[in-house]
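> Structure for this input, please:
(one chain, ligands or ions: 1)
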Amino acid sequence: MAARDVIADLRELAKLTSSEHGAQRLAWGPVWRDARQWFNGKLSAIGITPEIDAAGNSWATLRGQSDRTVIVGSHLDSVPNGGWLDGALGMLAGLEALRMFSGQRPPVTLKVVDWADEEGARFSRSLLGSSAASGSLNVDDVEHLEDRTGVRLVDALRENGVELSRMHESQKYLKAINAKAYLELHIEQGPVLEAAGQSAGVVIGTFGVERHLLRFVGQAAHSGSTPIPMRRDALLAAAESALAFREIARTHTTPQARVVCTVGTVKVEPGIVTAVPGVCEISLDQRALDAAVLAEMLAEARAASWRVAAENNVTVEWKRIWRIEPRPFDPQLIRLCEQSVREVTGEAPHLPSGPLHDAAEMVPHMPVVMMFAYSSNGLSHCKEEDTPEDHLENAIAAFLRLIQKVVNA
Ligand SMILES: [Zn+2]
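Numbering: from 1, shown residues only. Purely as a prediction, here's the structure:
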């Protein structure tokens with residue numbers, strides 16, 4: 001059975017590229033190169049030699065009757081001590097699709113792409129290969145990057161035959177493809193499908209993100225001598241704001257649309273047990289699938305922080321760290337994805353993706369959809385990452401059905 005073959009391949013790859021701490025396929029390193037070589041061996045068994053574009057993305061092509069092309073994408077790289085499914089599941093499902101059609105001339109061409117450095121685990125820039133191909137990579141933003149041991153990104157790329165200054169030429173490769181659709185299967189990396197007892201889900205898009213740093217400034221003062229009504233406590237203003245942000249996320253959450261607001265860091269000055277905090281800095285990460293909702297959540301968060309600051313007699317300043325607009329997926333592909341999942345499991349829950357994926361980079365260029373597979377305990381980027389085998393089989397079977405439907409549509 002096709003899904004069982006994919007699982008056997010996944011186990012073989014895990015055995016070859018993991019230590020007792022998990023997967024070690026860090027992009028641009030020797031284990032990642034081993035993984036690619038292993039994958040190329042599987043391709044050569046069906047007579048396919050992949051091409052590498054200017055960004056190091058590896059493209060395996062099965063020519064069909066027309067140059068209209070269905071692209072199946074994912075990544076072989078992992079974080080250090082990563083799991084056996086993140087990225088690899090999508091790649092090996094893609095390999096199985098190539099096997100499924102090999103020896104035939106399908107109505108359209110099929111390409112399976114292994115995006116280079118999806119994780120960004122070594123140089124802190126994720127989606128490196130796919131953003132180069134899509135045209136959203138700014139070389140000035142990454143040319144200074146170094147890994148923890150001081151190796152420069154430029155040199156790590158060169159070691160793999162990739163010139164940073166020429167990575168943008170991968171856009172030409174992508175543009176030359178007469179793309180009909182981009183499909184990606186990935187583990188959910190969250191708890192939603194598990195809670196619903198569902199093997200697979202239809203991803204309707206990737207969240208837009210608004211990420212800010214908020215700096216509350218009051219007055220540091222002696223904890224013993226300053227009466228409560230006379231304090232200008234920056235920490236309390238930040239804390240009340242954080243509670244208000246949770247309320248904002250609650251108000252905008254509907255059964256159809258989940259949104260999130262997260263305060264993930266807090267820094268207090270002077271940080272002394274006997275001092276009223278004079279300065280407090282917190283981060284705020286807001287995510288939603290609907291751009292208008294995200295904008296509203298941001299406006300409400302600003303208003304809440306100003307109100308709370310005034311009540312606490314402190315000031316607050318906002319600084320944007322990063323933003324990306326939501327990337328909704330293609331309605332027609334969403335329908336095909338839903339049919340495929342329903343045919344295998346009887347039900348097809350829809351969910352947005354909180355994490356970003358290479359698929360998001362393809363949205364401006366072609367119709368895109370993703371399918372998520374059940375993640376045990378919602379865990380990922382660790383050796384505990386897993387999916388029970390029956391759920392995994394269902395998800396793979398549903399995804400192969402989706403490929404078949406899109407190829408024949
Ligand atoms: Zn991944």
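> Could you export stretch 201-209 as PDB, CA atoms only?
What follows is the C-alpha trace of stretch 201-209 in PDB, where atoms were taken according to Å, rounded to 0.1, in the frame of the first residue of the first chain:
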ATOM      1  CA  GLY A 201      -7.300  18.700   8.000                       C
ATOM      2  CA  VAL A 202      -7.700  21.200   5.300                       C
ATOM      3  CA  VAL A 203      -5.500  24.300   5.700                       C
ATOM      4  CA  ILE A 204      -7.300  27.400   4.600                       C
ATOM      5  CA  GLY A 205      -4.300  29.700   4.700                       C
ATOM      6  CA  THR A 206      -1.400  31.000   6.900                       C
ATOM      7  CA  PHE A 207      -1.900  33.600   9.500                       C
ATOM      8  CA  GLY A 208      -0.900  37.200   9.100                       C
ATOM      9  CA  VAL A 209       1.400  38.300  11.900                       C
END
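> Any residue of it touching the ion?
No. With Cβ under 5 Å from the ion as the measure, stretch 201-209 is seen stopping short of the ion, the closest distance being 12.2 Å. The C-beta positions use only the backbone N, C-alpha and C, and glycine is treated the same way.
> which other residues reach that stretch?
Taking contacts as Cβ atoms under 8 Å, 6 or more residues apart in numbering, the residues outside stretch 201-209 that touch it are 188, 192-193, 260, 285-289, 291, 294, 322-329, 334, 337-338, 341, 348-357, 359-360, 363, 369-372.
> Quick one, which of these are buried?
With neighbours counted using 16 or more other Cβ atoms under 10 Å, the contacts of stretch 201-209 contain these buried positions: 188, 192-193, 260, 285-289, 294, 326-329, 334, 337-338, 341, 348-349, 351-357, 359-360, 363, 369-372.
> Tell me which residue in the stretch 201-350 of the chain sits closest to the ion.
Nearest residue of the stretch 201-350 of the chain to the ion, counting by Cβ to the ion: Thr206, 12.2 Å away.
> what about that residue, how many residues close to it?
When neighbours are defined as other Cβ atoms under 10 Å, Thr206 has 26 of them.
> ditto for His222
His222 has 10 nearby residues by other Cβ under 10 Å.
> Then Ser223?
Tallying neighbours of Ser223 according to other Cβ under 10 Å, which is how burial is gauged here, yields 13.
> Could you check how far it is from Ile272?
According to Cβ to Cβ, to the nearest Å, Ser223 and Ile272 sit 8 Å apart.
> residue contacts, Ala200?
Ala200 is in contact with 193, 341, 344-345, 348, 371-374, 391, 394-395, 398-399, counting by Cβ under 8 Å, 6+ apart.
> just those now: which is nearest Trp32?
Ala373 (22.5 Å; Cβ to Cβ).
> got a pLDDT number for the residue nearest to Ala237 when sequence neighbours are not counted?
Sequence neighbours aside, Asn312 is the residue nearest to Ala237 in space, at 4.0 Å (criterion: Cβ to Cβ, 6 or more residues apart in numbering). The predicted local confidence for Asn312 comes out at a pLDDT of 97.
> dump the residue contacts of Asn312.
Phe216, Gly218, Arg232, Asp233, Ala234, Leu236, Ala237, Glu240.
> Restricted to helices, list the residues you listed.
Of the positions in the contacts of Asn312, Ala234, Leu236, Ala237, Glu240 sit in helices, assigned by DSSP state H.
> On the three-state scheme, Met371 is what?
Three-state secondary structure (criterion: DSSP: H, G, I helix; E, B strand; the rest coil) places Met371 in strand.
> coming back round to it: what about the residue nearest to Ala237, distance to Val276?
Taken as Cβ to Cβ, the span from Asn312 to Val276 is 11 Å.
> who touches both of those two?
Taking Cβ under 8 Å, 6+ apart as the contact definition, Asn312 and Val276 share the neighbouring residues Gly218, Arg232, Asp233.
> can I get the residues you listed in CSV with distance to Cys382 and neighbour count?
Formatted as CSV, the entries for the shared contacts of Asn312 and Val276 read as follows, by distance: Cβ to Cβ, whole Å; neighbours: other Cβ atoms under 10 Å:
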residue, distance to Cys382, neighbour count
Gly218, 39, 24
Arg232, 42, 21
Asp233, 38, 22
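> Identify each of the helices in the stretch 51-200 of the chain and give its residue range.
Remark: helices of the stretch 51-200 of the chain, listed N- to C-terminal, are 88-101, 128-134, 139-142, 153-159, 170-176, 192-196; assignment by DSSP state H, counting those that start in this stretch.
> Can you tell me how far the residue in the stretch 151-300 of the chain that the ion sits nearest to is from Thr206?
Proximity to the ion, evaluated over the stretch 151-300 of the chain using Cβ to the ion, is greatest for His186 at 5.7 Å. Computed with Cβ to Cβ, the distance linking His186 and Thr206 is 11 Å.
> where do the contact lists of these two overlap?
Listed as contacting both His186 and Thr206 by Cβ under 8 Å, 6+ apart are His357.
> Run a quick neighbour tally on Gln65.
11.
> for Thr254, same thing?
Using other Cβ under 10 Å as the criterion, Thr254 is surrounded by 9 other residues.
> ok, now the one 3 residues further on?
Ala257 has 13 neighbouring residues, counting by other Cβ under 10 Å.
> that's a strand at it, yeah?
No. Per three-state DSSP, Ala257 lies outside any strand segment and is coil.
> one step back: kindly present the helices of the stretch 51-200 of the chain as a markdown table, with separate columns for distance to Thr49 and mean pLDDT.
As requested, the helices of the stretch 51-200 of the chain are exported to a markdown table (distance: least, Cβ to Cβ, whole Å; pLDDT from 0 to 100):
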| stretch | distance to Thr49 | mean pLDDT |
| --- | --- | --- |
| helix 88-101 | 12 | 98 |
| helix 128-134 | 19 | 97 |
| helix 139-142 | 29 | 89 |
| helix 153-159 | 22 | 97 |
| helix 170-176 | 16 | 97 |
| helix 192-196 | 36 | 95 |
